[in-house]
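>>> Predicted structure and sequence below. I'll ask about it afterward.
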Amino acid sequence: FLSRVLFLALLLQVSPALKETAPAFLPFGPNTRSTAAESAPEDAGASFQAARSLDEAGSRAEALRQYRSVAKSHQFTPEGSNAQFRLAQIFEEAGELEKAFNEYSTFIKLYPDSKWFDQAIASQIKIANTYLDGKRVKFLGLPVSSGLDRASKMYEGILANAPFSPFAPMAQFNLGLSYE
């Protein structure tokens, strides 16, 4: 125990010296925090624009990779929320409904104050309705089971994420239908 206390005391005395003499590539070097904070918005905007141009050019795989990078690295910027929402839309447009539903769920959890919140919930209900109407769940690309179980889990997720949204009563009603 005493050795740990002595080590901590030594570390606290040496750490200011480390900050002064640290090379620029180390994370605790001088001025690293201020430059990262100042350059983040420009990087987010440029990264999002790059993803958008890839998206408009039809390079879906590259656009997905870029949008995911923006959503992850700039999570607390408007570009991060836009990238997360666009990720979900791309999966929905491609017919990858489970992935789209999961991306919309991530969007709803991270950005409940977004102007696209209700649209994301509506898209989730549309996807769940597809499974309720008979779309089969696929495993390795082959339909293996009825989509009713998946639909009920989706409606439960919608109700858990947005219990007071305008779409909650519809989700609750459709959840009951999926149990019939």
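Here it is on my side, so go on.
>>> most centrally placed residue in this structure?
Thr106 (4.4 Å; C-alpha atoms, centre = their mean).
>>> Please report how far that residue lies from Glu180.
Distance, Thr106 to Glu180, using C-beta to C-beta, to the nearest Å: 30 Å. Where C-beta positions appear, they are placed from N, C-alpha and C, glycine not excepted.
>>> try Met170
Counting by C-beta to C-beta, the gap from Met170 to Glu180 is 16 Å.
>>> try Phe173
Taking C-beta to C-beta, one finds Phe173 at 11 Å from Glu180.
>>> Quick check: mean pLDDT of stretch 57-66?
The predicted model assigns stretch 57-66 a mean pLDDT of 88.
>>> Mind jotting down where the strands sit in the protein?
For the chain, the strands defined by DSSP state E occupy 137-139, 142-145.
>>> contacting residues for Gln49?
If you count contacts by C-beta atoms under 8 Å, 6 or more residues apart in numbering, Gln49 has none.
>>> How confident is the prediction for it, by pLDDT?
Here the pLDDT value assigned to Gln49 is 87.
>>> Could you do Ala40 as well?
On pLDDT, Ala40 comes in at 46.
>>> same check, this time on Leu11
In this prediction, Leu11 has a pLDDT value of 50.
>>> close enough to count as contact, Asp43 and His74?
Yes. In this structure, Asp43 is within contact of His74 by C-beta atoms under 8 Å, at 7.2 Å.
>>> what about the two, which has more around it?
When Asp43 and His74 are compared on other C-beta atoms under 10 Å, the one with more neighbours turns out to be His74, at 21 against 15.
>>> Met170 and Glu180: who's more crowded?
Met170 (17 against 5).
>>> how about the closest residue to that one other than its chain neighbours, what does it touch?
Spatially, and ignoring its direct neighbours in sequence, Met170 is nearest to Ile125 (6.2 Å; C-beta to C-beta, 6 or more residues apart in numbering). Ile125 is in contact with Ile158, Phe167, Met170, Ala171, Asn174, counting by C-beta under 8 Å, 6+ apart.
>>> Now with 10 Å, please.
Contacts for Ile125 (C-beta atoms under 10 Å, 6 or more residues apart in numbering) come out as Leu132, Met154, Tyr155, Ile158, Ser165, Phe167, Ala168, Met170, Ala171, Asn174.
>>> now do Ser81
Counted by C-beta under 10 Å, 6+ apart, Ser81 has contacts Val70, Ala71, His74, Gln75, Phe107, Leu110, Tyr111, Asp113, Ser114, Lys115, Trp116, Phe117.
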